[in-house]
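Chemist: Have a look at this fold, sequence not included:
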């Protein structure tokens, strides 16, 4: 899953949210330099990723996209799950999505000093472009996949990603809504 889902699953514990966000930007040595509460958020992020990567409903979507997108099928699903969470937000939260994302951005801005230098530089752009809500639109997804092409070894495997997702929307949405309550339960049981 991507940013929005990870933030949602962090609940209202700021340190957990920060560690969950920082997890993809830190190596293990760097993680050990943070307070235990933030390290717990990193562990949460990694546990969510492992749970997600092995969940049968998620794997259905990955298999469906594997032929046209190869090894990036799982990354495409991760990004699309933020779209599906946005699309289904009313099922999972009473708080309006714009209000939720603004609260997240505020927490991140308030704690920018805890972030590695590259992320400190990158965070204002992420907020200005409203990444958390942009993945909830086809245009936002398209931009995300274009950005990803600059960071992968086989960018051609991302060609047509949005079209594949649109083609399989109903099945992917059904799988997401079967999976997401289970990952919520897993996180609640393990971390709250």
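Modeler: Great, that's in hand. It should be emphasised that the depicted structure is a prediction, and the values quoted were computed from it without experimental measurement.

Chemist: quick one: contacts for residue 181?
Modeler: If you count contacts by C-beta atoms under 8 Å, 6 or more residues apart in numbering, residue 181 has none. All C-beta atoms are positioned from the backbone trio N, CA, C, and that covers glycine.

Chemist: On the three-state scheme, the residue lying farthest from the centre of the chain is what?
Modeler: Computed with C-alpha atoms, centre = their mean, the residue of the chain farthest from its C-alpha average is residue 33, at 23.9 Å. Secondary structure for residue 33, judged by DSSP: H, G, I helix; E, B strand; the rest coil, is coil.

Chemist: where are the low-confidence patches of the chain?
Modeler: For the chain, no stretch is flagged by pLDDT under 70.

Chemist: Mind naming the longest helix for it?
Modeler: For the chain, the helix with the greatest residue count under DSSP state H is helix 169-191.

Chemist: Just give me how far that one sits from the chain centre.
Modeler: Mean-position distance between helix 169-191 and its chain equals 13 Å (C-alpha atoms, centre = their mean, to the nearest Å).

Chemist: swap in stretch 163-170?
Modeler: Chain-centre distance of stretch 163-170: 19 Å, with C-alpha atoms, centre = their mean.

Chemist: Could you list the buried residues of it?
Modeler: Within stretch 163-170, the residues that count as buried by 16 or more other C-beta atoms under 10 Å are 164-165, 168.

Chemist: which other residues reach it?
Modeler: 61, 64-65, 68-69, 76, 80, 83, 138, 141, 172.

Chemist: can we see that at 6 Å?
Modeler: 64-65, 68, 80 (C-beta atoms under 6 Å, 6 or more residues apart in numbering).

Chemist: So which of those are in helices?
Modeler: Judged by DSSP H, helices contain the following of those: 64-65, 68, 80.

Chemist: Drop anything exposed from these.
Modeler: Buried, going by 16+ other C-beta under 10 Å: 64-65, 68, 80, out of those.

Chemist: Tell me the one of those residues nearest residue 5?
Modeler: For these, the residue nearest residue 5 by C-beta to C-beta is residue 80; the value is 10.6 Å.

Chemist: what about the residue nearest to that closest one when sequence neighbours are not counted, distance to residue 23?
Modeler: In this structure, residue 80 finds its nearest non-sequential neighbour in residue 165, 5.2 Å apart by C-beta to C-beta, 6 or more residues apart in numbering. Going from residue 165 to residue 23 by C-beta to C-beta, to the nearest Å gives 25 Å.
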